[in-house]
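In: What follows is a predicted structure for the sequence shown.
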Amino acid sequence: VTIPEGVTSIGSYAFSGCSGLASVTIPDSVTSIGWHAFSGCSSLTCVTIPEGVMSVYGYAFSGCSSLTSVTIPEGVTGFGEYTFSGCSGLTSVTIPEGVTSVTIPEGVTSIGSYAFSGCSGLASVTIPDSVTSISEGAFVNCSGLTSVTIPEGVTSIGGAAFYACNSLTSVTIPEGVTSIGNNAFNGCSNLTDVYYGGSEEQWKTINIGYNNGPLTNASIHYHSVRPNPDFILPSSLMRIESEAFTGGAFTYVLIPETVTRIDGGAFASCPKLAYAQFAGADTVIDPAAFDGVTGLTIIAPGGSTAETFAAVHGFDFMPAA
């Protein structure tokens, strides 16, 4: 289906139940997509929402079970309830780059109730700082979701927001959150680490609703003030060879994204080393790279090879902001 230029809105139920619809071209003139506009279009595989669209209403793509990718422009300010509910094949909500991730564009201020419920293919979600609320059931049954960082502007997490996200292992919660709804993290059976932006005292003041055992029983990592890096490696560096910095007296090393490999013993026996921050997500780290270093905290993107390295070798991990 090609919607002609000049059309400014796609009305409610416009293509609802068109189970044979496999592709749709939406012109730049469209500014809104109505309720249930494409709900039940079970053969629809890919949607590009044009730059002019500001509103995507509830259930717009609900039940589009073959939908694998959606491109959302910067101008969209909110998703209605159940927008992508039941899109079990959805793996990407940006231009696909071969990863199962969602990047919600800047400017979006709210994620509607059950907006991404049942999107079992999603492995990670990037929520912009413009978001101030995560509504009830927003990511319920996203069984492939492994980590999530909630932005600074959010003050409340709705009930059942991450219900039954049973692959979720870590969540980052800002200190501004004052309430977490009932069942928000119920069924998150693999949640082990919570990174909280405030103090232990502040954590105790959050109104946490019932059935949030996976959250409250996880290891809570409270914010701690850390020093500025005192050893910043050059961005031209691609490999850190064996014993390159053995015994160094620095406390905080910043490793650029350009570094693709760190050899055994590269940072061995550094007596003061407390923080190693990785800018890249795919750095290959030799098992002996930090031999003899104790009390180390590794800071890196969630889901990175550095996070896996920290878990395997017993180092503390902190997701990069």
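Out: Arrived safely.
In: Could you grab the helix/strand/coil label for the spatially most central residue of the chain?
Out: Nearest to the mean C-alpha position of the chain, by C-alpha atoms, centre = their mean, lies residue 125 at 2.6 Å. Applying DSSP: H, G, I helix; E, B strand; the rest coil to residue 125 yields a three-state assignment of strand.
In: Quick check: bridge partners of it?
Out: Note on residue 125: beta-bridge partners residue 102, residue 148, judged by DSSP bridges.
In: I'd assumed residue 139 was in contact with it.
Out: Yes - counting by C-beta atoms under 8 Å, residue 139 is a contact partner of residue 125 at 6.9 Å. For every residue, glycine as well, the C-beta is placed using N, CA and C.
In: so where's the longest helix in the chain?
Out: In the chain, taking DSSP state H as the definition, the longest helix is helix 305-313.
In: any idea of the mean pLDDT for the helix or strand following that one?
Out: With elements assigned by DSSP states H and E, the helix or strand that comes after helix 305-313 is strand 316-319. Taken as a whole, strand 316-319 carries a mean pLDDT of 84.
In: related to what we said a few turns ago, okay, and the common contacts of residue 125 and residue 139?
Out: Overlap between the contact sets of residue 125 and residue 139, as judged by C-beta atoms under 8 Å, 6 or more residues apart in numbering, is given by 116, 145, 148.
In: what's the closest of those residues to residue 33?
Out: residue 116 (16.1 Å; C-beta to C-beta).
In: roughly how far apart are the closest one and residue 184?
Out: According to C-beta to C-beta, to the nearest Å, residue 116 stands 15 Å off from residue 184.
In: for residue 7, same thing?
Out: From residue 7 to residue 184 the distance is 39 Å (C-beta to C-beta).
In: neighbour-wise, which of the two wins?
Out: Neighbour totals were compared for residue 7 and residue 184, and residue 184 leads with 29 against 13 (other C-beta atoms under 10 Å).
In: Looks like that one contacts residue 160 (just checking).
Out: Yes - if you go by C-beta under 8 Å, residue 184 and residue 160 touch, sitting 6.4 Å apart.
In: What is the burial count for residue 246?
Out: Count around residue 246 with other C-beta under 10 Å applied: 14.
In: quick one: contacts for it?
Out: With C-beta under 8 Å, 6+ apart, residue 246 has these contacts: 265-270.
In: ok, now with 6 Å
Out: Counting by C-beta atoms under 6 Å, 6 or more residues apart in numbering, residue 246 touches 265, 268-269.
In: in the protein, which spans are helices?
Out: Going by DSSP H, the chain shows helices at 200-205, 213-216, 305-313.
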